[in-house]
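> Sharing a sequence plus its predicted fold:
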Amino acid sequence: MTTLERTFETAGRCRYRIPRHGDMRVDAVFYASQAILDMLAEEDYASLRQLVNVATLPGIVAPALAMPDIHWGYGFPIGGVAAFDPRAGGVVSPGGVGYDINCGVRLLGSALTADDLAPRVERLADALFRRVPTGVGSKRQAERLEEDELRRLLVEGAGFMVARGHGEADDLARTESGGRLAGADPDALSPRALERGLPQLGSLGSGNHFLEVQVVDEIYHAAAAAAMGLARGTVTVLIHTGSRGLGHQVCSDYVERFLDALPRYGIDLPDRQLAAAPAESPDGRAYLGAMAAAANFAFANRQRITASVREAFEEAGFTPRDHGLHVIYDLAHNNAKLEEHGGRPLLVHRKGATRAFPPGHPELPPAYRPIGQPVFVPGDMGRYSYVLVGTEGAMRDTFGSSCHGAGRRMSRHRARKEARRRDLLRELADRGVVVRAAGRGTVAEEMPEAYKDVADVVDTVDAAGIGRKVARLRPRLVVKG
């Protein structure tokens, strides 16, 4: 038994506490099933050690948190949630947001059924792959901008794309924060960040980003499913992407800037990847302005992809009336937002975690206030994804946060190695999943076995009361970078 394993204790159903010790300023809490505990042990608790490090940061408010999809990340573990009090010297840390700022998911509902989809699935797969650029540095462009237009977009977010005819006002009403974070400052971005963003609007990117056409195959919470328009056998589309190279550059630029500034603020770190600055300092404010701009790029990116998805369905032979594609909700995974918790404003970092506000919260669209915020939890391309809703338990225990996905259990290198002698495309086809990808390498890196079973993650969240299961979605068509 390791020292860290001896330290943590049971603190509720599927909930564990690492009591404050050493340089920790607060306790740490994580959520896990027995299977997830076993996986954490296999990695020698590397991601939990990162969570302990997060608990040492100035101005943190108890507790430092990790969701059940926890795995090792840059600085903060992926699946990490940490709230800081700016008025008490609380910091902002780019590593607590991640390189892909506002990586997030958007779920589209439709008027189609599985039977409608079946005869056109190959044609639709080709149309989606043509219309939605994929891969690192893809030369295909959905929407080329001039720099002055990009600067406007960085302030206006998804609304910029709707104003250009790429969507409807209702799309914005069903997007977290209306598809726009306030306080965005394009001048806080480097020329290189702007340059990287110019050709990438409307693109998926690579790695774990995807576009998936799915069929609802289980309903667990009938009232919530009905409020979202989900019924067994209906077709949905899940879009998972973020701020692309622009957001990556923002993170890189500010990690370097914050490392240089650490002596000025007297911040000692157990890990330089936790580079941070007081949120109310000039450096902290500059990062938050740049981060909001990158988040707005990501909202606009998913909005533009939505327009391309509608066009692809029409190319495949579905009229707008036939497909009826509409936004159910769009939410972020990676950001830092000023929110009120416990009667005070806190800067909540969510890295690989989603907001999960409860029923009645004023920030929710009116249609969802009776049920709580929709939460979408992608799995892997061979099994299933889930829809949840936020709960009072999440608001009480996790700063209104829940999980964001399955969480990797295998490195990309190991996945490629294990996939060498397998025909993954054929295996997926045998499961009824059509795949279009920029290369076989991405399919190998993202094979189903590379991820935890998302059902275990979701069941853990449900059991702990920080989210409630609504529906399960099975993949039928996947577009990967």
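Looks like it arrived, so ask away. Numbers count the residues shown, from 1 in each chain.

> Output the below-cut-off pLDDT ranges for the chain.
1-3, 5, 135-142 (pLDDT under 70).

> Quick check: longest helix in it by residues?
helix 282-315 (DSSP state H).

> and the helix or strand just after it, what other elements does it pack with?
Downstream of helix 282-315, the next assigned helix or strand under DSSP states H and E is helix 320-323. Contact analysis of helix 320-323 by 3 or more Cβ pairs under 8 Å, 6 or more residues apart in numbering; DSSP states H and E lists strand 104-113, helix 282-315 as its packing neighbours. (Each C-beta comes from the backbone N, C-alpha and C, glycine too.)

> what's the angle between the longest helix of the chain and strand 104-113?
20 degrees (axes from the mean of the first three to the mean of the last three Cα atoms, to 10 degrees).

> buried residues in helix 282-315?
By neighbour count with 16 or more other Cβ atoms under 10 Å, helix 282-315 contains the buried residues 283-313.

> do stretch 363-377 as well
For stretch 363-377, by 16+ other Cβ under 10 Å, it's 364, 368-369, 371-377.

> Please apply the same query to stretch 58-65.
58-61, 63-65.

> Restrict the one helix or strand Leu388 maps to to CA atoms and write it as PDB.
Secondary structure from DSSP H and E places Leu388 in strand 385-389. C-alpha atoms of strand 385-389 as PDB (Å, rounded to 0.1, in the frame of the first residue of the first chain):
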ATOM      1  CA  SER A 385     -22.400   8.200 -24.600                       C
ATOM      2  CA  TYR A 386     -24.800   9.500 -21.900                       C
ATOM      3  CA  VAL A 387     -27.000  12.500 -21.200                       C
ATOM      4  CA  LEU A 388     -27.300  13.600 -17.600                       C
ATOM      5  CA  VAL A 389     -28.800  16.500 -15.700                       C
END
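
> Next, the angle strand 104-113 makes with that strand.
Going by the same axes, to 10 degrees, strand 385-389 makes 100 degrees with strand 104-113.

> so how far is strand 385-389 off the chain centroid?
Put simply, strand 385-389 sits 13 Å off its chain's centre (Cα atoms, centre = their mean, to the nearest Å).

> list the helices and strands it packs on?
helix 222-228, strand 374-377, helix 454-464, strand 468-480.

> how about the helices in the stretch 301-450 of the chain?
320-323, 392-397, 412-418, 424-430, 440-445 (DSSP state H, counting those that start in this stretch).

> how about these in CSV, adding distance to Val250 and mean neighbour count?
Below are the helices of the stretch 301-450 of the chain laid out as CSV (distance: least, Cβ to Cβ, whole Å; neighbours: other Cβ atoms under 10 Å):
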stretch, distance to Val250, mean neighbour count
helix 320-323, 35, 14
helix 392-397, 28, 19
helix 412-418, 23, 15
helix 424-430, 34, 14
helix 440-445, 24, 19
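
> can I get these in JSON lines with distance to Ile267?
Shown next, in JSON lines, are these (distance: least, Cβ to Cβ, whole Å):
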{"stretch": "helix 320-323", "distance to Ile267": "52"}
{"stretch": "helix 392-397", "distance to Ile267": "28"}
{"stretch": "helix 412-418", "distance to Ile267": "32"}
{"stretch": "helix 424-430", "distance to Ile267": "45"}
{"stretch": "helix 440-445", "distance to Ile267": "35"}
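
> Just tell me which of those helices ends up closest to Leu198.
helix 440-445 (23.9 Å; Cβ to Cβ).

> That closest one - contacts with which helices or strands?
Taking 3+ Cβ pairs under 8 Å, 6+ apart as the contact cut, helix 440-445 packs with helix 412-418, helix 424-430.

> same thing but 10 Å
helix 412-418, helix 424-430, strand 434-437, strand 468-480 (3 or more Cβ pairs under 10 Å, 6 or more residues apart in numbering; DSSP states H and E).

> could I get it in CSV with only the CA atoms?
This file holds the C-alpha atoms of helix 440-445, laid out as CSV (Å, rounded to 0.1, in the frame of the first residue of the first chain):
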residue,chain,number,x,y,z
ARG,A,440,-5.8,5.1,-39.3
GLY,A,441,-3.4,6.4,-36.7
THR,A,442,-6.2,8.5,-35.1
VAL,A,443,-8.6,5.5,-35.1
ALA,A,444,-5.9,3.4,-33.4
GLU,A,445,-5.3,6.1,-30.7
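
> Contacts for that helix, please.
134-136, 206-210, 381, 408, 410-420, 422-425, 428, 435-437, 439, 450, 478, 480-481 (Cβ atoms under 10 Å, 6 or more residues apart in numbering).

> burial measure for the residue nearest to Ile219 when sequence neighbours are not counted, as a count.
With sequence-adjacent residues excluded and distances taken as Cβ to Cβ, 6 or more residues apart in numbering, Ile219 is closest to Ala225, at 4.8 Å. Applying other Cβ atoms under 10 Å, we find 21 residues neighbouring Ala225.

> before we move on, what about Arg152?
14.

> Please produce a PyMOL select command covering the buried subset of the contacts of helix 440-445.
Applying 16+ other Cβ under 10 Å to the contacts of helix 440-445, the buried members can be selected in PyMOL as follows:
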select buried, resi 134+135+206+207+208+209+210+381+408+410+412+415+416+419+424+428+435+436+437+450+478+480+481
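
> The closest residue to Gly207 other than its chain neighbours: what's it in contact with?
Excluding its sequence neighbours, the residue lying closest to Gly207 (Cβ to Cβ, 6+ apart) is Gly481, at 6.6 Å. By Cβ under 10 Å, 6+ apart, the contact set of Gly481 is 132-136, 138, 203-211, 241, 437-439, 442, 446.

> same thing but 6 Å
134-135, 204-206, 209, 438, 442 (Cβ atoms under 6 Å, 6 or more residues apart in numbering).

> Next: Ala415.
Per Cβ under 6 Å, 6+ apart, neighbours of Ala415: 444-445, 447, 450.

> What's the end-to-end length of stretch 273-280?
Terminal residues of stretch 273-280 are spaced 20 Å apart (Cα to Cα, to the nearest Å).

> ok, now stretch 443-452?
One end of stretch 443-452 to the other measures 16 Å (Cα to Cα).

> Stretch 176-190 too?
Using Cα to Cα, first and last residues of stretch 176-190 are 26 Å apart.

> again, but for stretch 95-108
End-to-end distance (Cα to Cα), stretch 95-108: 30 Å.

> wait, doesn't the residue nearest to Ile219 sit right on Leu473?
No: counting by Cβ atoms under 6 Å, Ala225 does not reach Leu473; the two are 11.2 Å apart.
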